[in-house]
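Peer 1: sequence first, then the predicted structure, then my questions.
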Amino acid sequence: MDLQFAGTRIQELRNLLNQYGYEYYVLDKPSVPDAEYDRLMQELLALEEQFPQLKTPDSPTVRVGGAVLDMFRKVEHRIPMLSLGNAFNEQDLRDFDRRIRQAVGNDLSYVCELKIDGLAVSLRYEEGLFVQGSTRGDGYIGEDITENLKTIKSIPLRLREAVSIEVRGEAFMPKRSFEALNEARKERGEVLFANPRNAAAGSLRQLDPKIAASRRLDIFLYGIGNPEAIGAVSHSDGLDYLDYLGFKTNKERRKCPTIDDVIEFVNGWIEKRPQLPYEIDGIVIKVDSLAQQEELGTTAKSPRWAIAYKFPAEEVVTTLLDIELRVGRTGVITPTAILTPVKVAGTTVKRASLHNEDLIREKDIKIGDKVVVKKAGDIIPEVVNVLAEQRTGEEIDFHMPTHCPECDSELVRLDGEVALRCINPNCPAQIREGLIHFVSRDAMNIDGLGEKVISLLFAEKLISDVADIYKLTREQLLALERMGEKSVSNLLAAIEASKSNSLEKLLFGLGIRHVGAKAAKTLAQHFGTMERLAAASREEIMAIRDIGDKMADSIVSFFELDEAKELIQELLAAGVNMEYKGPRPISATESESIFAGKTVVLTGKLEQLTRNEAKEKIEAFGGNVAGSVSKKTDLVIAGADAGSKLAKAQELGIEVWDEEKLLEELNK
């Protein structure tokens, strides 16, 4: 077969496979038997292997899984993926409706959609070709999972129009795929996935795309990142356009003119939920008009024009077999209920937190009781109440210990606290939990150092404090069970990368009592270096906004400890950064800057700054960055391809700058 004939045949096969795949995976109306699809796929694979120069990024063969990745690259979302506020009952929905109508009037309608229980992702297309897919992450920065998303056959690799567009959706594992996956894992003696959501998330974070391909994931697209770019005037228009482009959207959606219609839709799906072939955990309600969405705007975390109704928690009865105790990093002793395994909201629950001794007394919980269990927010298992009428007389009262279950030190209850606490600084449980906290996402964020690995390293006496993490060697790690060359290389690279974190990450990771992530950033911004903070007086620390006396006392006490001084010197010697790298705090002169007290909106694509960098710099000079243009907006920064926000600013007579003007003012 010559090159020209092969090229013609390859294109014919791709067209057929794309059409058959769309009919099967998107429309759910296959027109040919599976055997015919498989035969054509094998022919295409053979031709592309024979003529590799003819293989393209949008070939159906890329769905079988490509090369194994070393790690996931970070991706900054051009348009943030904000989370949704929650509603838990009818009154919450009516309050939401009242707020909307007060802001935009009564001429409105809502779109109700099923809230798929999966993993939120963003897909980016350039001139119709799928070029990048990423996780939501923290809403601003996610992980590049393009190769894994290509294995989802309902995601088009090329659109029906050569448009450049960013779309959002929920990747999920159908119930049938989940059951098959767990059955296979059970046969192999592997740990079972708790629920389809965890299975989907785990599948999309596999470094080997072939594993993701074998899991048979699916997706529903629910929105366009920048709908104004395609000329849509409503959310429902955007969904129809996604259908036209070849995306799979959920057809179980409804346009509702009143909140009563919304509530009827919600109640209907509470009943019909178990009949679906995939898991849902609620209903998403959105204002349909894009103009009204823009007028309503967003908060720092979520849009004001949408809300997620969370289904009522399912309650089940099981037996409380025992109560175990866990020592946290601050020494707090937390009792945990050990339960007869029971299915709750689609997952198997074996444990539930009992919080503290007072709660156990208040609910009159005894070992051996029949108890009602639910998942708070469909996530965290908790014991709701005891079925005292079913007691047999063999139940056992539970008493909190007087000494720490890990180090046998006497427990204390501090003034004003309900929790018992171990105050031994050398308690092994506290040290281990402190190490787990140090490497966590909001602290030093060291990929590969999860709870199990930390516990193993601690048990093997390879680490006893956080500075030891930076002394780990390749030889030590390779000697551990289940640690291969690649995982060790990745782990050492992640440890090395964490050394360059900004100061607030380290401060939070050190676990200073009362110092959370927000306070750590405030302190890092104010003092700039660890050295200045360590030398600060109680009065200097308390003079900072939002820092109270308890936190100030805790910080001063920490830095007075010889152990803390020694630890910081060890971290410094290991090359861990001790300086703040973020935007500077506002000085006295900067508080009088042109941005001070002004509401600024960013729109369009900036060339020299990312959207997050521009936001941080403006806020550092006293400005407030909002998500939408309104009469309260003082200034709009318009980059390339600015759309409706720029038009609205011009209509309202709001001052508009380009990026060059922004940089000029920032550099002053």
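Peer 2: That came through, no problem.

Peer 1: contacting residues around the spatially most central residue of the chain?
Peer 2: A centroid search over the chain (C-alpha atoms, centre = their mean) returns residue 137, at 4.3 Å, as the residue closest to the centre. Residue 137 makes contacts with 74, 75, 77, 81, 143, as judged by C-beta atoms under 8 Å, 6 or more residues apart in numbering. No exception for glycine: its C-beta is placed from N, CA and C like everyone else's.

Peer 1: now tabulate those residues in a markdown table and tack on distance to residue 519.
Peer 2: Shown next, in a markdown table, are these (distance: C-beta to C-beta, whole Å):
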| residue | distance to residue 519 |
| --- | --- |
| 74 | 25 |
| 75 | 29 |
| 77 | 27 |
| 81 | 26 |
| 143 | 28 |
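
Peer 1: now the buried members of those.
Peer 2: For those, a neighbour count by 16 or more other C-beta atoms under 10 Å gives the buried set as 75, 77, 81, 143.

Peer 1: which of the residues you listed fall in strands?
Peer 2: In this view, the buried ones among the contacts of residue 137 that belong to strands under DSSP state E are 75, 143.

Peer 1: of all the buried ones among the contacts of residue 137, which two lie farthest apart?
Peer 2: Greatest spacing in the buried ones among the contacts of residue 137, by C-beta to C-beta: 81 and 143 (12.4 Å).

Peer 1: now distance to residue 206 and pLDDT too, for the contacts of residue 137, in CSV please.
Peer 2: Output for the contacts of residue 137, formatted as CSV (distance: C-beta to C-beta, whole Å; pLDDT from 0 to 100):
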residue, distance to residue 206, pLDDT
74, 18, 88
75, 17, 88
77, 22, 88
81, 21, 89
143, 12, 90
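
Peer 1: how about these, which pair is most distant?
Peer 2: Longest distance between any two of the contacts of residue 137 is 14.1 Å, between 74 and 81; criterion C-beta to C-beta.

Peer 1: which stretches of this protein have low pLDDT?
Peer 2: Residues of the chain meeting the criterion pLDDT under 70: 34, 64-70, 187-191, 300, 345-346, 376-379, 416, 545-546, 583-592.

Peer 1: now do the buried residues in the biggest helix by length in it.
Peer 2: Longest helix of the chain, by residue count under DSSP state H: helix 3-21. Going by neighbour count (16+ other C-beta under 10 Å), the buried part of helix 3-21 is 6, 9, 10, 13, 14, 16, 17, 18, 20, 21.

Peer 1: count the neighbours of the nearest residue to the first one once chain neighbours are set aside for me.
Peer 2: When you say that, I think you mean residue 6. Excluding the flanking residues, the one nearest residue 6 by C-beta to C-beta, 6 or more residues apart in numbering is residue 51, at 4.9 Å. Residues lying near residue 51 (other C-beta atoms under 10 Å) number 16.

Peer 1: my guess is residue 51 contacts residue 2, does it?
Peer 2: No: taking C-beta atoms under 8 Å as the definition, residue 51 is not a contact partner of residue 2, at 9.7 Å.

Peer 1: surely residue 144 and residue 133 touch.
Peer 2: Yes: using C-beta under 8 Å, residue 144 is in contact with residue 133, at 7.5 Å.

Peer 1: which one of these two has more residues nearby?
Peer 2: residue 133 (27 against 17).

Peer 1: for the residue nearest to residue 339 when sequence neighbours are not counted, what are its contacts?
Peer 2: Distances taken as C-beta to C-beta, 6+ apart place residue 318 nearest to residue 339, at 5.0 Å, with adjacent residues excluded. Residue 318 is in contact with 339, 340, 341, 342, 349, 370, 371, 373, counting by C-beta under 8 Å, 6+ apart.

Peer 1: now the helices: where do they sit in the stretch 51-200 of the chain?
Peer 2: In the stretch 51-200 of the chain, the helices defined using DSSP state H, counting those that start in this stretch lie at 90-104, 146-149, 175-187, 196-204.

Peer 1: which helices and strands sit right next to the shortest one?
Peer 2: Read it as helix 146-149. Under the contact criterion of 3 or more C-beta pairs under 8 Å, 6 or more residues apart in numbering; DSSP states H and E, helix 146-149 touches strand 129-135, helix 196-204, helix 209-214.

Peer 1: where's the residue nearest to residue 339 relative to residue 307, distance?
Peer 2: 32 Å (C-beta to C-beta, to the nearest Å).

Peer 1: check residue 360 too.
Peer 2: 35 Å.

Peer 1: ok, now residue 120?
Peer 2: Residue 120 is 16 Å from residue 307, by C-beta to C-beta.

Peer 1: the more surrounded of the two?
Peer 2: More crowded of residue 120 and residue 307, by other C-beta under 10 Å: residue 307, with 27 against 18.

Peer 1: beyond the helix or strand hosting that one, next helix or strand please.
Peer 2: Assessed by DSSP states H and E, residue 307 sits inside strand 306-310. Once strand 306-310 ends, the next helix or strand along the chain (criterion: DSSP H and E) is strand 315-327.

Peer 1: who does that next one pair up with?
Peer 2: strand 333-344 (antiparallel), strand 370-376 (antiparallel) (DSSP bridges).

Peer 1: kindly reformat those as a markdown table containing distance to residue 482 and mean neighbour count.
Peer 2: Below are those laid out as a markdown table (distance: least, C-beta to C-beta, whole Å; neighbours: other C-beta atoms under 10 Å):
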| stretch | distance to residue 482 | mean neighbour count |
| --- | --- | --- |
| strand 333-344 | 26 | 17 |
| strand 370-376 | 31 | 18 |
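
Peer 1: with distance to residue 97 added, can I get these in CSV?
Peer 2: Below are the strands paired with strand 315-327 laid out as CSV (distance: least, C-beta to C-beta, whole Å):
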stretch, distance to residue 97
strand 333-344, 31
strand 370-376, 25
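
Peer 1: picking that back up, pairing partners for the residue nearest to residue 339 in the sheet, please.
Peer 2: Following DSSP bridges, residue 318 is listed with bridge partners residue 371.

Peer 1: any idea how far residue 594 is from it?
Peer 2: According to C-beta to C-beta, residue 318 stands 62 Å off from residue 594.

Peer 1: go on, residue 394?
Peer 2: Distance of residue 394 to residue 594, computed by C-beta to C-beta: 74 Å.

Peer 1: next: residue 495.
Peer 2: 42 Å.

Peer 1: the more surrounded of these two?
Peer 2: residue 495 (21 against 13).

Peer 1: could you find the closest non-adjacent residue to that one?
Peer 2: In space, residue 495 comes closest to residue 446 once its chain neighbours are excluded; the distance is 5.8 Å by C-beta to C-beta, 6+ apart.

Peer 1: pull the contacting residues for the one you found.
Peer 2: By C-beta under 8 Å, 6+ apart, the neighbours of residue 446 are 439, 469, 491, 494, 495, 498.

Peer 1: quick one: residues in contact with stretch 219-233.
Peer 2: Contacts of stretch 219-233 (C-beta under 8 Å, 6+ apart): 77-79, 113, 116, 118, 121-123, 152, 154-155, 163, 165-172, 235, 237-239, 241-242, 247-250, 284, 289-291, 641, 643-645.

Peer 1: can you say which of the residues you listed are buried?
Peer 2: 77, 113, 116, 118, 121-123, 152, 154-155, 165-172, 235, 237-239, 241-242, 247-250, 284, 289-290, 644-645.

Peer 1: next up, the contacts around residue 412.
Peer 2: Residue 412 touches 420, 421, 423, counting by C-beta under 8 Å, 6+ apart.

Peer 1: for residue 371, that is, sorry about that
Peer 2: Counting by C-beta under 8 Å, 6+ apart, residue 371 touches 317, 318, 319, 320, 337, 339, 365, 383, 384, 385, 386, 387.

Peer 1: I am finished for the moment; much appreciated.
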